[in-house]
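*Asks:* no sequence on hand, only this structure:
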């Protein structure tokens, strides 16, 4: 299973709170990235768009290779279907942005070799061992972010755009 796209594929993971309006996940959406719809067998967990499916539907979809990435979280399965990922890629101007836990980032990186994984961490925090393969393939970029520092998210956003080969400051629009 390897959805092919000519768009940028980005995954953001980490342990920092990223709900700020200036957080990179929000800024990348403003830059033209789209977040795919997620599925859950329970309740939605964050501000992503979710569709609720049954556990049976999840297992059938997984057996039919229709699940791109998934993990069990708080007793329920969450993830992204191949179809929803491809839909986001087709509708986006720039690429697809997946924001999720390390398990999701690792799976995405293993399925899509051009994916770039950004791990947002506070200085001194360790990376999840689940990201070891993405690190070994060069897909992982760790960003140490001091969320209390002025313009910390702006700087993280600039680094992400530079890493992706996009011009900083929305100047490319």
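*Replies:* Great, that's in hand. What you see is a predicted model; the values in this text were computed from it and never measured.

*Asks:* buried sites along the longest helix belonging to the chain?
*Replies:* Ranked by residue count and defined by DSSP state H, the top helix of the chain is helix 152-163. Buried residues in helix 152-163, counted by 16 or more other Cβ atoms under 10 Å: 152-153, 155-161. No exception for glycine: its C-beta is placed from N, CA and C like everyone else's.

*Asks:* farthest pair in those?
*Replies:* Spanning the widest gap among the buried residues of helix 152-163 are 152 and 161, at 15.3 Å by Cβ to Cβ.

*Asks:* does the residue found closest to residue 159 once you drop the neighbours it is linked to in the chain sit in a helix, a strand or a coil?
*Replies:* Excluding the flanking residues, the one nearest residue 159 by Cβ to Cβ, 6 or more residues apart in numbering is residue 143, at 6.1 Å. The local conformation at residue 143, judged by DSSP: H, G, I helix; E, B strand; the rest coil, is strand.

*Asks:* how close does residue 143 sit to residue 67?
*Replies:* Applying Cβ to Cβ, to the nearest Å, the value for residue 143 to residue 67 is 28 Å.

*Asks:* could you do residue 38 as well?
*Replies:* Going from residue 38 to residue 67 by Cβ to Cβ gives 11 Å.
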